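Visitor: build me a model from this:
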Amino acid sequence: MEAYVRGDAAAFERLFATLAPALRAFFRRSVGSAADAEDLMQTTLLKVHGARDRWRRGERLRPWVFTIAARVRYDWSRRRGRANEGPLDGEDPPAAVDAEEAAGSIARERAERVRAAIDGLSESQRTIVHLHRFEGLTFGEIGKGLGISEGAAKLRAFRAYEQLRKVLLDLVAESSL
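Guide: Residues are numbered from 1 along each chain as shown. Here you go, the predicted structure:
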């Protein structure tokens, strides 16, 4: 990032190669549509480009970038009125012909239930869950990025995970068998 801030164009290519897959996955998990995920990833990288002079030397890059990504996702979600996207492309469960296909169908059904449960969280809780669980950011990093205290980030996460446990109770109980 330091080289990119200094104007090294090749540094941006390295940043893009490093960050794009994680950003794409972050948006894909949260918005469902591959096309929307790609657009949001591009928007995030444009915002990173525009804000590169505000990045503080020595600051961890990933939390800074995912803070921008979380804001991009929030703005997108607000503009869309959190309309449900429906199932992801190619996720209609196939007819269960054999045990392997049946297991795959069950795994897809579980994944869809988890995705739906996460979508049922408030926007702030959903953002914190994505940043914490899927991007590996600490609550301190999340709080700093979202302009809230670390304690507030922890509390929102606790409430979100508690709500997910209640909604997915049968899956939680099933996995402990």
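Visitor: R28 contacts D39, correct?
Guide: No. Using CB atoms under 8 Å as the test, R28 is too far from D39 to be in contact (11.5 Å). No exception for glycine: its C-beta is placed from N, CA and C like everyone else's.
Visitor: low-confidence stretches in the protein?
Guide: Along the chain, segments meeting pLDDT under 70 span 82-107, 171-177.
Visitor: go again with 50.
Guide: Low-confidence segments of the chain (pLDDT under 50): 83-99, 101-102, 177.
Visitor: tell me the centre residue of it?
Guide: F26 (3.3 Å; CA atoms, centre = their mean).
Visitor: what's in contact with the strand or helix carrying that residue?
Guide: Counting by DSSP states H and E, the element that carries F26 is helix 9-31. Among residues not part of helix 9-31, those counted as contacts by CB atoms under 8 Å, 6 or more residues apart in numbering are 1, 3-4, 34, 36-38, 40-41, 44-45, 48-49, 61-62, 65-66, 69, 73, 76-77, 85, 115, 118, 126, 130, 134-135.
Visitor: what's the answer for stretch 45-53, then?
Guide: Stretch 45-53 has contacts (CB under 8 Å, 6+ apart) with M1, Y4, V5, F12, L15, F16, L19, A20, L23, V65, I68, V72.
Visitor: quick check: domain ranges of the chain?
Guide: Following automatic domain parsing, the chain resolves into domains at 1-82, 95-177.
Visitor: buried stuff in stretch 26-45?
Guide: Applying a neighbour-count criterion of 16 or more other CB atoms under 10 Å, one finds 26-32, 36-37, 40-41, 43-45 buried in stretch 26-45.
Visitor: and which of those residues is nearest to R156?
Guide: Distances from R156 to those, taken as CB to CB, are shortest for S30 (15.8 Å).
Visitor: of the contacts of stretch 45-53, buried ones?
Guide: M1, Y4, F12, L15, L19, L23, V65, I68, V72.
Visitor: format these as JSON lines; extra columns: distance to R56.
Guide: What follows is the buried ones among the contacts of stretch 45-53, written out as JSON lines (distance: CB to CB, whole Å):
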{"residue": "M1", "distance to R56": "10"}
{"residue": "Y4", "distance to R56": "14"}
{"residue": "F12", "distance to R56": "18"}
{"residue": "L15", "distance to R56": "16"}
{"residue": "L19", "distance to R56": "17"}
{"residue": "L23", "distance to R56": "20"}
{"residue": "V65", "distance to R56": "13"}
{"residue": "I68", "distance to R56": "14"}
{"residue": "V72", "distance to R56": "20"}
